[in-house]
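Colleague: following is a predicted model, sequence given first.
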Amino acid sequence: MIKVLFTIGAIQVLQMTVLLARTKGLALLLGPEQVGVLAVIDKLVAVFVQTASLSLPFAALRFLPSLWNSNRLEFDRRLRGMSIVLLGLACLAMAAGLGVTLVDPGRWGEQLAPFWPIVLVALLTIPVQAFVPFVQNATAAAFAPHRSMLFAVAHAVVFTLSGLCGAWWFGLEGIYALYVVPGALLVGFAVARLNAPADRGPRPPATALSAVRLPREIWQFGLALFALTFLAPYAALFLHYRVLRDLGPESAGWMQAAIGISLAVRTVLGSAHPVFLTPNVNRGGTPEQRMQWASDFQKTLCFLTGIVLPPLLLFPDVAVRLLYSSEFLPGAQSVFLFVLVEIVTLLAGTYQSLVLALDRLGYHVAQNMTAQGVMIVVGAVAIRRFGIPGAALAALSAQLFLYMSTTVFLRRSFGLRLPLRAALLAAYLVAILLVAGLVGRSQSAIDWHSFFVRVGVYTALVGGLALFLTRADHNRLAELVRQMSNRALAVVRT
């Protein structure tokens with residue numbers, strides 16, 4: 001498992017590097033205020049995209065993997081039908097958004113009303129943005145994680161080039177305008193490849209009626225999650241808009257710098273969830289087997305995170321300067337909080353995947369809608385009182401609720417107990433991130449004394465991970481190091 005995670009992570013590092021260039025370029029071209037406005041518009045578009053998607057990207061991971069080996073014709077038929085439905089819904093959402101923006105742009109809020117031409121152009125990207133996760137997940141559902149990640153890299157290249165060129169030539173409008181056509185071409189090519197593979201033999205002809213022939217379970221899945229697909233992006237929009245309204249666009253830009261670093265963490269560490277974890281827990285097996293698999297996955301994720309992530313939190317100001325610019329340095333104080341949000345999200349998501357794999361959709365919806373409500377309520381109070389950290393605390397409270405409620409539900413409904421070692425390791429990982437973040441926040445100056453303090457803290461924190469290693473873990477890590485050394489020597493010799 002750790003070899004697969006390393007491979008996926010390596011591809012994700014490439015994707016992150018490309019996106020890093022976009023983030024850095026936009027920070028230099030736009031500055032904190034325009035970056036803050038851009039972040040809010042992105043969240044508004046995300047509400048349309050995720051609501052209109054009807055959870056079909058997620059449904060691809062939920063329902064397609066089991067058909068890949070058992071019934072390729074049915075796999076293809078469902079894939080075509082889901083593609084047709086998604087295209088229709090995305091175009092409908094785009095038309096509705098364009099209509100509202102043209103008729104009454106004030107609907108999007110007083111702070112966004114002056115930017116209605118930019119919102120108008122941004123809404124044109126809805127179909128492309130809806131298909132990107134669908135293509136990636138559908139490819140992963142065919143147990144092709146590397147091909148799925150390569151598509152993500154290709155999209156990152158298009159996303160970056162169009163964003164930088166657009167911002168340079170036309171400002172905020174250009175970021176979206178130049179993305180529409182190349183993004184649509186890339187997605188169209190990928191969808192065509194998915195729906196017309198060369199190695200599956202003859203298939204029934206594709207028609208628009210394929211959409212209405214989707215199994216009832218897929219429609220029920222999408223409709224059951226419909227409220228959640230709206231509320232989740234709306235909660236994120238609420239936090240960003242509240243910061244824009246209460247603290248100003250510059251503060252919104254500083255917060256986006258902290259969030260941008262946390263998103264880079266998600267890009268690298270979270271990629272294995274959709275392309276590796278979810279397809280495997282949906283392949284079948286008893287609840288106990290799936291729980292063991294998820295726990296092994298989380299243990300590996302915790303070790304990797306505990307090793308690679310603390311340096312980022314110990315030097316957040318360096319990360320902000322590299323990823324953005326010195327104008328965004330006030331956001332460095334909140335980096336560790338937003339990164340912690342992403343890590344707790346990944347920890348909770350590991351076991352949440354079991355809830356859906358075990359067909360407890362109703363509980364999943366109610367649980368997540370409650371979590372989004374918690375985030376909105378906490379954010380409404382905390383942002384005004386604590387500023388940017390208040391937004392992070394709101395998001396963190398929602399994810400902690402999800403983690404605790406998921407483990408309680410699995411124990412009461414299926415008798416599945418989180419292994420003690422896995423629970424302690426997750427708690428220690430959170431402690432590592434908190435300590436590293438607080439130390440990095442307190443050491444404002446970067447001198448030799450500060451450097452050695454941070455290095456000492458990192459050594460002590462990572463050394464503590466050894467307490468959670470079993471003999472089997474030692475053997476696997478030794479084998480991994482040996483294989484990596486052999487590959488490195490082979491590269492050098494050639």
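Modeller: It's in.
Colleague: when you work out contacts or count neighbours from here on, use the C-alpha atoms and nothing else.
Modeller: Will do.
Colleague: now do the contacts for L79.
Modeller: By CA atoms under 8 Å, 6 or more residues apart in numbering, the contact set of L79 is 60, 64, 138, 195.
Colleague: out of the residues you listed, which is nearest to T17?
Modeller: Within these, the smallest distance to T17 is 24.2 Å, found for A138 (CA to CA).
Colleague: any idea how far the closest one is from P127?
Modeller: Applying CA to CA, to the nearest Å, the value for A138 to P127 is 16 Å.
Colleague: same check on P65?
Modeller: Going from P65 to P127 by CA to CA gives 24 Å.
Colleague: same deal with V268?
Modeller: Distance, V268 to P127, using CA to CA: 25 Å.
Colleague: who has more neighbours, these two?
Modeller: P127 (26 against 21; other CA atoms under 10 Å).
Colleague: the host helix or strand of E288 packs against which elements?
Modeller: Per DSSP states H and E: E288 is located in helix 287-308. Contacts defined by 3 or more CA pairs under 8 Å, 6 or more residues apart in numbering; DSSP states H and E place helix 287-308 against helix 278-281, helix 335-357, helix 420-442.
Colleague: what's the single longest helix in this protein?
Modeller: Looking across the chain with DSSP state H, the single longest helix is helix 2-52.
Colleague: now that one: average pLDDT?
Modeller: The average pLDDT within helix 2-52 is 85.
Colleague: chain center to the strand or helix carrying P117: distance?
Modeller: Using DSSP H and E, P117 sits within helix 116-123. The chain centroid and the centroid of helix 116-123 are separated by 24 Å under CA atoms, centre = their mean, to the nearest Å.
Colleague: what does it rub up against?
Modeller: 41-42, 45, 94, 97-98, 101-102, 105, 172-173, 176-177.
Colleague: one more: stretch 154-162?
Modeller: Identification of contacts with stretch 154-162 by CA under 8 Å, 6+ apart yields 15, 18-19, 21-22, 132, 175-176, 178-179, 182-183, 186.
Colleague: let's see 6 Å
Modeller: For stretch 154-162, the external contacting residues (CA atoms under 6 Å, 6 or more residues apart in numbering) are 22, 178-179.
Colleague: any of these buried? List them.
Modeller: By neighbour count, with 16 or more other CA atoms under 10 Å, the contacts of stretch 154-162 hold 22, 178-179 as buried.
Colleague: picking that back up, now distance to L461, mean pLDDT and mean neighbour count too, for the helices and strands packed on helix 287-308, in a markdown table please.
Modeller: Shown next, in a markdown table, are the helices and strands packed on helix 287-308 (distance: least, CA to CA, whole Å; pLDDT from 0 to 100; neighbours: other CA atoms under 10 Å):
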| stretch | distance to L461 | mean pLDDT | mean neighbour count |
| --- | --- | --- | --- |
| helix 278-281 | 30 | 72 | 24 |
| helix 335-357 | 16 | 92 | 24 |
| helix 420-442 | 6 | 91 | 19 |
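Colleague: and the next helix or strand past the longest helix of the chain?
Modeller: Using DSSP H and E, the next helix or strand after helix 2-52 towards the C-terminus is helix 56-63.
Colleague: what is that next one packed up against?
Modeller: Helix 56-63 sits against helix 126-141, with contacts defined as 3 or more CA pairs under 6 Å, 6 or more residues apart in numbering; DSSP states H and E.
Colleague: identify each buried residue in the helix it packs on, please.
Modeller: Quick answer for helix 126-141 (16+ other CA under 10 Å): 126-141.
Colleague: looking at those, which is nearest R245?
Modeller: Among the buried residues of helix 126-141, and counting by CA to CA, the member closest to R245 is I126, at 25.1 Å.
Colleague: measure the closest one to F386 for me?
Modeller: Applying CA to CA, the value for I126 to F386 is 34 Å.
Colleague: can you list the low-confidence ranges for the stretch 201-350 of the chain?
Modeller: 201-212, 271, 274-276 (pLDDT under 70).
Colleague: that older thread, distance to A357 added to the contacts of stretch 154-162, as CSV?
Modeller: Below are these laid out as CSV (distance: CA to CA, whole Å):
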residue, distance to A357
R22, 36
L178, 39
Y179, 35
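Colleague: perfect, I'm done here.
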